[in-house]
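**Q** Pasted the sequence and its predicted model underneath.
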Amino acid sequence: MKWVMVVLAGLMSVFPAFAEETIVGRASVIDGDTMEIGGTRIRLHGVDAPESWQSCEDEDGLRYRCGREAAMMLDRFLEVSRPTRCEFVELDRYRRFVGVCFRADGVEVNRWLIENGLAVDWSRYSGGAYADAQDKARAQALGIWRGAFQLPCEARAQRMKLSPSC
């Protein structure tokens, strides 16, 4: 039991967000599904946004940088109502804080991204929590759903020459 307390104390010193289980502050957008608050990198739970280098096709078949668009739209969305609050879900394999985040006005960031077609529901992690939001975005042809795109997890795997683990 004593060693468990030592391990937990060590985790809390390395990952203060883990100890608090909530992080609040001004969010800096890293990409469409990752941000940073107070030096802590936060991966949005159950969300997979196109990579910053990833391209998609719009309704006319023209290519655009959908990953860059997702990040820019997220930044604009967050600046409307600050600060951002993120609730801890888990640490990912890269030891990042994974959470569900909210603007100061209470709007959930994770759901907003998917509802607006800027990301997909990564059901492998969300358990399908955002399937309804994704269905809505697809039906309204919003964001990436207005044309053709490759799932972000597939694009990453292809770029790294791995088999997709979507």
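**A** Structure received.
**Q** Do a quick rundown of the helices in this structure.
**A** 2-14, 16-20, 66-79, 109-115, 123-126, 131-139, 152-159 (DSSP state H).
**Q** could you give the mean pLDDT of the first one?
**A** Which is helix 2-14. Helix 2-14 shows a mean pLDDT of 38.
**Q** just the third one next, same as before
**A** Taken as a whole, helix 66-79 carries a mean pLDDT of 98.
**Q** buried stuff in that helix?
**A** 66-71, 73-74, 77-78 (16 or more other Cβ atoms under 10 Å). Using the backbone N, CA and C atoms, a C-beta is placed for each residue, glycine as well.
**Q** coming back round to it: name the stretch among the helices of the chain that sits most buried.
**A** helix 109-115 (a mean of 24; mean count of other Cβ atoms under 10 Å).
**Q** So which helix or strand of the chain has the lowest pLDDT on average?
**A** Here the helix or strand of the chain ranked lowest by mean pLDDT, DSSP states H and E is helix 2-14, holding a mean of 38.
**Q** so how far is Glu59 from Arg96?
**A** Computed with Cβ to Cβ, to the nearest Å, the distance linking Arg96 and Glu59 is 34 Å.
**Q** Please tabulate the helices of the chain in TSV, including the columns distance to Gly46.
**A** Below are the helices of the chain laid out as TSV (distance: least, Cβ to Cβ, whole Å):
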stretch	distance to Gly46
helix 2-14	23
helix 16-20	18
helix 66-79	15
helix 109-115	6
helix 123-126	3
helix 131-139	10
helix 152-159	13
